[in-house]
Structure formats: structure tokens, C-alpha cells
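Participant: one predicted model, sequence on top.
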Amino acid sequence: MVTPIRKSTTSNWHTRRTNETMRLLVTTIVGVIFGFFLGVSFPALSLTKVNISSNIFPSIDLSYIEDKYSGLSTQALLNVWSSLKGRRGFSRKFNNTKIWVPTNPRGAERLPPGVIVAESDLYTRRLWGLPGEDLIVKPRYLFTFTVGYEQRYNIDAAVKKLSENFTILLFHYDGRASEWDEFEWSKRSIHVSVRKQTKWWYAKRFLHPDIVAPFDYVFIWDEDLGVENFDAEEYIKLVRKHGLDISQPGLSLDSGMTWQMTRRQEESEVHKDTEERPGWCTDPHLPPCAAFVEIMAPVFSRDAWRCVWHMIQNDLVHGWGLDFALRKCVEPAHEKIGVVDSQWIVHQTVPSLGNQGKAEKGKAPWEGVRERCRNEWTLFQDRMTAAEKAYFISMGIDPPNSTVR
């Protein structure tokens, strides 16, 4: 039997080792050559034509880098790249830090408190120059009139008695705002025009407390008021002197009026109560004997208006019944609400807004308006009573009798 001869395994191992060595050597040489040519061409390489994964490098404007640093060497460009990568890392870390401030105004919780401007104003500004130089004078008081063009001369007489301390705002219910430019003061005033709306509709939508916050006092007046015996600056002095947050000028004895409280008392500066017809006042400190002014010419302090604005109902546009509820916004009401006698006005009782109604079912336009006024008064009373009752019940308190007339 012939024994087979086994080939040497040592010889095979040497052969494989030699092949692997040659392969490694060739790969290294090719890599060196490729790297050399790549390094030589790199300074002329346009980074904007290289598609680099965002996972490797940050998302930045490569064309900007190329333009800005085109005159630099390759090493300098790499240094800039490294710097930007470092900044990008900081930016990512910062962006992951969420801002949430629950005490910020609703909807602004994601903003840093230092940038929030929660209030605005009605100051008109220039379109040029520095913002800090826009306002030479900041008026301290806001005077609003709800007007039709037919009463322009009456309003002109009133505005001409006001100083630069007053911002003038006209609400136009007849759509004729541009025609008021015949008066020079009108060109500096603010005009809001929506047809056939009342001053309380305007006030609810354009006199938000955060908009009129810069003003110490807000006048919300009708258009049919004579001001021959009225000085607004003196009026405000008396309001401050007597601590009135809600007030109105006294009405002349020949004015059209409904309540004794608003009638001018000739021998006083201010009065805060009066005697009404028998049976009209259940309490001498309650309306209409005290804590009461009418809605034709009210004047509100900043704080009082913030409360009153929230009480105005969106759909009850005439404001009837509001005068009886004003006292809920100040305390004690019979001390904070009053009539200024020494600065008085004349109520001319011009039914201009009433004529903006519509004749229906055989009724004249003014009759339809008056009927809605009465209905709104009832609705307002019912809402206030229901809201007070619901509050007391929720607090576990027996509701008192309604305090709204």
C-alpha cells in the first residue's frame, strides 16, 4: 500500500501572506496618490457644489462662507468652519431650552417677559426718525365723541376748548369722516367710522383698557352737548380734588334731563347725592339718589374704566341700565361717583342717532330705536341679576336681593 505524500502547509501560508501584503501596499499607494491630488485641488473646490450630509456638518449657508472667506487659505477656511461648528453646537443647546412663563399674558407664555408689551396707546407716530423722538407731548386725557356730520359745529366748539393734554377720537356713525378735514384739528385727530353704531358699541371695540391705559381719564360723550360753561382742565382738577373715579358735568337747569342727580346745583363745586321723587330711592346711598351719573357725558378714571369696560355687553349697544350698575366698579360708590357743578354743560337733546333707525311695522325710525333701548335695559338687568346669583351660589352663600334697578 502506497502512503500519500502531504504538501507542506507552511508553503501555502507564506504564499497567502505575500498576496495580502502586496494588496495592502497597492491600496496604500493608491490612497496616498488620491489624497495628494485631492489636497492640491481643495483650495479651488467650491463648497457650494459639494453635497454634505447635515448629520456631518451643520446646516449653514455655504455660499456665504465661500464669498466671505474666498481670499483665505485652506487652513484658515477650515478654522472658520470649526468655529461655526462650535457656535452651532451652542445654538442647538440653546434652542432646546424652552421658554414658558405662565404669568405672561395669555398666548404670550413662550416669550421672555422682557420683550412683552402688554399695553398700547392711541398716540400717532411718524414714519421717519427715531421712535424715541416721535412724541413731543404725551396727552394725559382721552376725549371721545360719537358724531354725525350735522353736529360738526357743536363738536368744533367743544374741541377748541381742549388743550394739547387731550387726544381727540371721533366715532362716526354716518360714514362721513373725511369731510371733517375742514377743521384743522381734525387732521390731527383719530377717526373711526362704522355706520349706524352707538358709542357703547365703539367703546367696547376700540377703547379696551389696555389700549387707553396711558390716559388718566377717558371722556365718552354724546354729540349734542353745549360747552360754553365748561373747562376740561378745571373739571379734572375738581375731579381729583373730590376723589371722583366716575363723574359727569352738571346739566344746566334748562337741559333735557331725566334724573335729579345730574341737575346742576348752583351753590356747590361737586355733589354726590340728591333727593329724588318719592319712592325712587330705596337707599340714600344707591342710584338714582347717589352713586349715579347718566351715560350721555360720563368721565372715567383709568381704573374705573378698566372695570366698566368689562361690564359692557357686546350685543347691548345702547348702554341703557349701565348707569345704574357703574357703582359696582368703585368702592365706596357714593363717595367715588359724583356730578361736577361748577363746570356744567347743556344737553341739547338732538335725536340724531335715533334717526339712524329703520321704519318697521308702521313705526318711525326713532320709535324702533327707543323700543330696543328699553328692551336692552331689561336684558342687562336680568343678566346682572343672574350673574350675581350664580356667583353667590357657587361660593355657598345665600344670594341677596338684586342690587340692579
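Facilitator: Yes, it's here.
Participant: now do the strands in the protein.
Facilitator: Assigned by DSSP state E, the strands in the chain fall at 141-147, 166-172, 190-193, 217-221, 225-226, 246-251, 270-271, 299-301, 337-347.
Participant: so which of these is nearest Cys373?
Facilitator: Among these, the nearest to Cys373 by C-beta to C-beta is strand 141-147 (15.0 Å). In this view, the C-beta of every residue, glycine as well, is placed from N, C-alpha and C.
Participant: can you list the strands that that closest one pairs with?
Facilitator: When pairing is defined by DSSP bridges, strand 141-147 lines up against strand 166-172 (parallel), strand 217-221 (parallel).
Participant: quick one: mean pLDDT for the longest one?
Facilitator: Over the span of strand 166-172, the pLDDT mean works out to 98.
Participant: can I get the CA coordinates of that strand in CSV?
Facilitator: Output of strand 166-172 as CSV, limited to C-alpha atoms (Å, rounded to 0.1, in the frame of the first residue of the first chain):
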residue,chain,number,x,y,z
PHE,A,166,-56.2,115.8,25.2
THR,A,167,-56.2,113.2,22.5
ILE,A,168,-59.3,113.6,20.3
LEU,A,169,-61.1,110.5,19.0
LEU,A,170,-64.2,110.8,16.8
PHE,A,171,-66.5,107.8,16.2
HIS,A,172,-68.5,108.4,13.0
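Participant: all further residue positions should be reported with the first residue as 44.
Facilitator: In the new count, where the first residue is 44, that last one comes out as strand 209-215.
Participant: flag every buried residue along it.
Facilitator: Buried residues in strand 209-215, counted by 16 or more other C-beta atoms under 10 Å: 209-215.
Participant: farthest pair within those residues?
Facilitator: Phe209 and His215 (18.6 Å).
Participant: what's the local residue count around Val383?
Facilitator: 28 (other C-beta atoms under 10 Å).
Participant: what is it paired to in the beta sheet?
Facilitator: Bridge pairing for Val383 - DSSP bridges - gives Pro292, Val313.
Participant: Asp274 and Ser385 touch, don't they?
Facilitator: No: Asp274 is beyond contact range of Ser385, at 9.5 Å (criterion: C-beta atoms under 8 Å).
Participant: how close does the residue nearest to Glu309 when sequence neighbours are not counted get to Lys204?
Facilitator: Among residues not flanking Glu309 along the chain, Asp384 sits closest, at 7.1 Å (C-beta to C-beta, 6 or more residues apart in numbering). Distance, Asp384 to Lys204, by C-beta to C-beta, to the nearest Å: 18 Å.
Participant: comparing the two, which residue is more hemmed in?
Facilitator: A direct count of neighbours by other C-beta under 10 Å for Asp384 and Lys204 places Asp384 higher, at 19 against 13.
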